[in-house]
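> next come a sequence and a model predicted from it.
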Amino acid sequence: MANQNAKGLKRIYNAAFFSAAGFKATWQHEEAFRQEILLLVIACPAAIYFAKTPIEILLLIGSVVLVLLVELLNSAVEAAIDRIGFEHHELSGRAKDIGSAAVMLSLIWAAITWTVILFFN
């Protein structure tokens, strides 16, 4: 467990270390996260090429980053649920379904953002 008494730069260092460990664990255990990273790698140069303004670039890339953020949170929920147990429980299933719905909503939002900026602007 993290050192709860760490202050200042030590706390920031610890937070960065734990965040890096979270990225590594998600990369290793979540296929969806790896696919969404690939999407980001493709989206960044595409956004720079197709966008007309810096704000459009930020919106295009930001919508894909939002997908990654939601995926990280969904993966955390799933890991916590799986830690409790693998047997079927209605609330565990509901928590996982809600996390999945959040990821889907972020993907829909990214698709809408790209569609509006690229085709209706």
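Structure received.
> next, the buried residues of the helix or strand containing Ala101.
According to DSSP states H and E, Ala101 maps onto helix 90-119. Neighbour counts over helix 90-119 (16 or more other CB atoms under 10 Å) mark Ser92, Ala95, Gly99, Ala102, Val103, Ser106, Leu107, Ala110, Thr113, Trp114, Ile117 as buried. Just so you know, the C-beta spots here come from the backbone N, C-alpha and C atoms, and that holds for glycine as well.
> in the chain, which spans are strands?
Read by DSSP state E, the chain holds no strands at all.
> which residues touch the most centrally placed residue in the chain?
Geometric centre of the chain, nearest residue: Leu68, 2.0 Å, by CA atoms, centre = their mean. Counting by CB atoms under 8 Å, 6 or more residues apart in numbering, Leu68 makes contact with Phe33, Glu36, Ile37, Leu40.
> by neighbours, which of those residues wins?
Highest neighbour count within those: Glu36, with 24 neighbours (other CB atoms under 10 Å).
> in JSON lines: the buried residues of helix 90-119, plus distance to Phe50 and pLDDT.
Listed next are the buried residues of helix 90-119 as JSON lines, based on distance: CB to CB, whole Å; pLDDT from 0 to 100:
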{"residue": "Ser92", "distance to Phe50": "42", "pLDDT": "94"}
{"residue": "Ala95", "distance to Phe50": "37", "pLDDT": "96"}
{"residue": "Gly99", "distance to Phe50": "31", "pLDDT": "98"}
{"residue": "Ala102", "distance to Phe50": "27", "pLDDT": "98"}
{"residue": "Val103", "distance to Phe50": "25", "pLDDT": "98"}
{"residue": "Ser106", "distance to Phe50": "21", "pLDDT": "98"}
{"residue": "Leu107", "distance to Phe50": "19", "pLDDT": "98"}
{"residue": "Ala110", "distance to Phe50": "14", "pLDDT": "98"}
{"residue": "Thr113", "distance to Phe50": "12", "pLDDT": "98"}
{"residue": "Trp114", "distance to Phe50": "9", "pLDDT": "98"}
{"residue": "Ile117", "distance to Phe50": "8", "pLDDT": "97"}
